[in-house]
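Student: Fold the following.
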Amino acid sequence: MGGMGALGSILLVEDDFLTALAEKISLESCGYRVLPASSGQEAVDLFRSDPGIDLVLMDIDLGPGIDGIEAATIMLMDRELPIIFLSSHSEPEIVERTETVTSYGYIVKSSGTAVIDASIKMAFRLHEAQKGLWAEKEHLRATLNSIGDAVIATDISGNVTRMNPVAQRLTGWDFAGAEGRPIEDIFAIVNAQTGAPVENPVPRVLESGAMVGLANHTVLLSRTGREYQIADSAAPIFDDAGRSSGVVLVFRDVTEEYGMLEALRRSEDLYRSLFSHMLNGLAYCRMDFDADGRPLDFTYLSVNAAFESQTGLHDVEGKRVTQVIPGIREQDDGLFDLYGRVSKGGKPERVEYFVESLGMWFEVSAYCPVHGFFVAVFDVISKRKEAEQSQAESEERLRLALKAAKAGTWEWDLRTNANTWSDELWDLYGLSCRSAEPSYEAWLSSVAPEDRERVVDALNEAVRSGTELNIEWRVAGAEDRWLMSRGQPKLDSSGRVRRYIGVAIEITDRKRAEVQVRGLLAEKELILREVHHRVKNNMSTICNFLGLQAESARETFAKRALLDAGSRAQSMLILYDKLYQTGQFERMSLRMYLPTLIDQIIANFENREGVSVEKRIDDIVLDAKRLQSIGVILNELLTNIMKYAFAGRGKGEIRVAASQADGMVVIVVQDNGVGMPEGISFDRSDGFGLMLIDGLTRQIDGEICLERVGGTRVILKFPG
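Tutor: Sure, this is the predicted structure:
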């Protein structure tokens, strides 16, 4: 205790001087050091200036200013010490006010020195005991706050009574806000995988009185919005009588640990998935060596499904390869050497190997994970090897074929201007592979000077348009030799030519043959023209003979018949004349043939001056055979019109139109004459002319119809 007195220093607060003096003397006689104060404020100031004061005897009524209860409250805010109220008041309400400040006692002034001394000694003992309890609580608090795990304590009702800082950080609640609240409000947990709420362990502990562990994959939902993976347990708190007084909940943040475990599990799952589902075969093996360190055998420790499916070997784990494949040691000694080198810690090796004992080609990658062991990852490449062999044979056949055909292959990369030529091209181009490199310039030098501009223009146009290349040229220095080159473009994603691949072939024999063919064609053309000329002249002679015979005929019927025959022959003469003029002896346009034919037919009649003819003929190309039939049909129709349609009239109109639509050719011949008598039709007539029209219409797969409206309108339709 502080002060000079053996029993302690006492601050005596009393506003009455005589009472204070008497009490001071009495207390000092008991061995206490006494410091008097006559007001509440003086007592507070003296208390603050003298840290050696051990106890305060406080009167309640202290006159003006703060009273004793207020002064005691201020003192206790500075430090904890025993305060005994010494007052003449005994009213319950006064006593109750003092109990809110201190629990060290209330003494009536008339109690006497012995009672006061006993109360003071009791207060000192109580204060010492309280200090021990405070120290123990402080030690407990420091211990609790120092624990790395989160700790929450509850009462028997499951309401929070204590939280350490770790629990406050994880839950997002400070203790002031959490104290007294149900544990479910503070400790909200859900399942990490489903998000469903998890049963709080505190009620289960209170019910069972036993420790309860948290379920796996439990997530704490912090008030801050964060989520923590947590683990650990809840246990009951028992009092001295062994009764449950609450629950202590201990948990820790295992988010990082859980993440590491999850990553490890995913890594393991990924490894297993790759091991099980990879398309390549995989075998993990232990190598066995003899006393001299030479590879003797190896044992399969683990293989995947692809190993079994590719090799056809099953149930090999734990077995030596010589057991699984008898004779492999003698037939495939090189395979043992390979795995022996690798399993001794050598560099990884990748080889293509034909396993004689299995009759299969393998592409094998082997490496050493641990000394004495090896991993072989492989793929069966037997089909690829067969394809490579087949390709090599095809390339050899192609090479022989190119040589026999005097041809060669080439490739031109437009991005780098790099050229690749087969061996045959050098001889074709007349170049030496020792004096030049494959290039655009070397190729161009092989082109005869007079062909270069044409060839370069064709090449540039093909590149610009991205089309197939097809050029021919004479070889420089040997102009009687011709080459042809054809190339296929390869385009990039933007549609531009990236490179060309193609073939060049000698076409000298073909060019010579073309010269001969052109000579023969020219000779044939000359002969054909001469034949057509003679036919035309003969037909002209026939027309003249018929005309002369008609002039000399005395009978009207005979004269008409001869004139009609001459007119029909004339239609064919005009056709031959037009074909001869165009030089195309098989096809011609109606626009070139019909107008001349119409004019010639009309000109044969005396009444032609009073007849106007309108011609609308489209450019419709037909073969000569159908043109001949159409000419005769048109001759018959126009002849009938000129003979009969305008009889007794001075004037008349004729319209002839030819058009094509939807694959059909339509020819319309119309007049404004008297009209054709009823009962006359093309398919029911005895007249030679109408029968001729009907027969020729059928011959060209056509149809013809007659309309009698304001004259006569004849419509002829046939496929174009």
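Student: now the stretch 401-550 of the chain, which segments are flagged as low pLDDT?
Tutor: For the stretch 401-550 of the chain, applying pLDDT under 70 flags the ranges 401-405, 433-435, 479, 517, 519-550.
Student: ranges for the strands of it?
Tutor: Counting by DSSP state E, counting those that start in this stretch, the stretch 401-550 of the chain has strands at residues 407-413, 418-421, 469-475, 478-491, 497-506.
Student: can I get those in TSV with mean neighbour count and distance to Pro36?
Tutor: Every residue, glycine included, has its C-beta placed from N, CA and C. Putting the strands of the stretch 401-550 of the chain into TSV (neighbours: other Cβ atoms under 10 Å; distance: least, Cβ to Cβ, whole Å) gives the following:
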stretch	mean neighbour count	distance to Pro36
strand 407-413	19	114
strand 418-421	17	115
strand 469-475	18	125
strand 478-491	16	113
strand 497-506	19	111
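Student: Ile680 is nearest to which of these?
Tutor: strand 469-475 (61.5 Å; Cβ to Cβ).
Student: for that closest one, packing partners?
Tutor: Applying 3 or more Cβ pairs under 8 Å, 6 or more residues apart in numbering; DSSP states H and E, we find strand 469-475 packed against helix 449-465, strand 478-491.
Student: can I get the CA coordinates of that strand in CSV?
Tutor: C-alpha atoms of strand 469-475 as CSV (Å, rounded to 0.1, in the frame of the first residue of the first chain):
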residue,chain,number,x,y,z
LEU,A,469,-2.1,-20.1,-114.8
ASN,A,470,-2.0,-21.4,-118.4
ILE,A,471,0.7,-20.2,-120.7
GLU,A,472,2.7,-21.4,-123.7
TRP,A,473,6.0,-20.2,-125.0
ARG,A,474,8.9,-21.0,-127.2
VAL,A,475,12.2,-21.9,-125.6
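Student: Of all the helices and strands packed on strand 469-475, which one is nearest Ala234?
Tutor: strand 478-491 (72.4 Å).
Student: list the helices and strands the closest one packs on?
Tutor: Packed next to strand 478-491, using 3+ Cβ pairs under 8 Å, 6+ apart, are strand 407-413, helix 449-465, strand 469-475, strand 497-506, helix 508-552.
Student: would CSV of the helices and strands packed on strand 469-475 with distance to Leu55 be doable?
Tutor: Putting the helices and strands packed on strand 469-475 into CSV (distance: least, Cβ to Cβ, whole Å) gives the following:
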stretch, distance to Leu55
helix 449-465, 112
strand 478-491, 105
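Student: quick one: which of those is nearest Glu70?
Tutor: strand 478-491 (99.0 Å).
Student: got the angle for that closest one vs strand 407-413?
Tutor: Relative orientation of strand 478-491 and strand 407-413, computed by axes from the mean of the first three to the mean of the last three Cα atoms, to 10 degrees: 50 degrees.
Student: what about Glu614, how many residues close to it?
Tutor: The number of residues packed around Glu614, counting by other Cβ atoms under 10 Å, is 10.
Student: can I see the domain layout of this protein?
Tutor: For the chain, automatic domain parsing gives the domain ranges 9-137, 148-259, 278-380, 387-506, 521-719.
Student: Turn these into a markdown table, including distance to Glu514.
Tutor: Output for those, formatted as a markdown table (distance: least, Cβ to Cβ, whole Å):
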| stretch | distance to Glu514 |
| --- | --- |
| domain 9-137 | 119 |
| domain 148-259 | 82 |
| domain 278-380 | 52 |
| domain 387-506 | 10 |
| domain 521-719 | 10 |
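Student: Tell me which of these sits nearest to Ala513.
Tutor: Comparing those by Cβ to Cβ, domain 387-506 comes nearest, at 11.1 Å.
Student: Determine how far the last residue of the closest one lies from the first.
Tutor: With Cα to Cα, to the nearest Å as the measure, domain 387-506 spans 32 Å from end to end.
Student: Tell me which stretches of the stretch 301-450 of the chain form helices.
Tutor: 305-311, 321-324, 328-331, 333-343, 382-405, 423-429, 440-445, 449-465 (DSSP state H, counting those that start in this stretch).
Student: Any chance of those in JSON lines with mean neighbour count and distance to Tyr500 as columns?
Tutor: Shown next, in JSON lines, are the helices of the stretch 301-450 of the chain (neighbours: other Cβ under 10 Å; distance: least, Cβ to Cβ, whole Å):
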{"stretch": "helix 305-311", "mean neighbour count": "17", "distance to Tyr500": "41"}
{"stretch": "helix 321-324", "mean neighbour count": "17", "distance to Tyr500": "52"}
{"stretch": "helix 328-331", "mean neighbour count": "15", "distance to Tyr500": "49"}
{"stretch": "helix 333-343", "mean neighbour count": "19", "distance to Tyr500": "44"}
{"stretch": "helix 382-405", "mean neighbour count": "12", "distance to Tyr500": "18"}
{"stretch": "helix 423-429", "mean neighbour count": "19", "distance to Tyr500": "14"}
{"stretch": "helix 440-445", "mean neighbour count": "16", "distance to Tyr500": "11"}
{"stretch": "helix 449-465", "mean neighbour count": "13", "distance to Tyr500": "8"}
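Student: Would you map the helices across the stretch 151-300 of the chain?
Tutor: Counting by DSSP H, counting those that start in this stretch, the helices of the stretch 151-300 of the chain are 165-171, 175-178, 183-186, 201-208, 255-277.
Student: Least confident of the ones you listed, on average?
Tutor: Among the helices of the stretch 151-300 of the chain, helix 255-277 carries the lowest mean pLDDT, at a mean of 68.
Student: average model confidence for the helix or strand where Val56 lies?
Tutor: Using DSSP states H and E, Val56 maps to strand 55-58. Mean pLDDT, strand 55-58: 88.
Student: Same check on stretch 295-309?
Tutor: Mean predicted confidence for stretch 295-309 is 89.
Student: For that stretch, list the C-alpha coordinates in PDB.
Tutor: Output in PDB follows, covering the C-alpha atoms of stretch 295-309 (Å, rounded to 0.1, in the frame of the first residue of the first chain):
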ATOM      1  CA  PRO A 295      19.900 -53.800 -69.600                       C
ATOM      2  CA  LEU A 296      18.400 -57.200 -68.800                       C
ATOM      3  CA  ASP A 297      14.600 -56.800 -68.600                       C
ATOM      4  CA  PHE A 298      12.000 -54.200 -67.500                       C
ATOM      5  CA  THR A 299       8.800 -54.500 -65.500                       C
ATOM      6  CA  TYR A 300       5.600 -52.700 -66.200                       C
ATOM      7  CA  LEU A 301       4.500 -50.700 -63.100                       C
ATOM      8  CA  SER A 302       1.600 -48.700 -64.600                       C
ATOM      9  CA  VAL A 303       0.100 -48.500 -68.100                       C
ATOM     10  CA  ASN A 304      -2.900 -46.600 -69.500                       C
ATOM     11  CA  ALA A 305      -5.900 -47.700 -71.500                       C
ATOM     12  CA  ALA A 306      -4.300 -46.500 -74.800                       C
ATOM     13  CA  PHE A 307      -1.300 -48.800 -74.100                       C
ATOM     14  CA  GLU A 308      -3.600 -51.800 -74.100                       C
ATOM     15  CA  SER A 309      -5.700 -50.700 -77.100                       C
END
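Student: thinking again about what came up before, looking at the strands of the stretch 401-550 of the chain, which is nearest to Gln516?
Tutor: Of these, nearest to Gln516 by Cβ to Cβ is strand 478-491, at 14.2 Å.
Student: then that closest one to PDB, C-alphas only?
Tutor: Extracted C-alpha coordinates of strand 478-491, given in PDB (Å, rounded to 0.1, in the frame of the first residue of the first chain):
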ATOM      1  CA  ALA A 478      15.500 -23.400-129.700                       C
ATOM      2  CA  GLU A 479      12.400 -21.700-131.200                       C
ATOM      3  CA  ASP A 480      11.200 -24.900-132.700                       C
ATOM      4  CA  ARG A 481      10.600 -26.200-129.100                       C
ATOM      5  CA  TRP A 482       7.400 -25.200-127.300                       C
ATOM      6  CA  LEU A 483       6.600 -25.500-123.500                       C
ATOM      7  CA  MET A 484       3.300 -25.200-121.700                       C
ATOM      8  CA  SER A 485       3.000 -24.400-118.000                       C
ATOM      9  CA  ARG A 486      -0.100 -24.800-115.900                       C
ATOM     10  CA  GLY A 487      -0.300 -23.600-112.300                       C
ATOM     11  CA  GLN A 488      -2.900 -23.700-109.500                       C
ATOM     12  CA  PRO A 489      -3.000 -20.700-107.100                       C
ATOM     13  CA  LYS A 490      -3.000 -21.100-103.300                       C
ATOM     14  CA  LEU A 491      -4.700 -18.200-101.600                       C
END
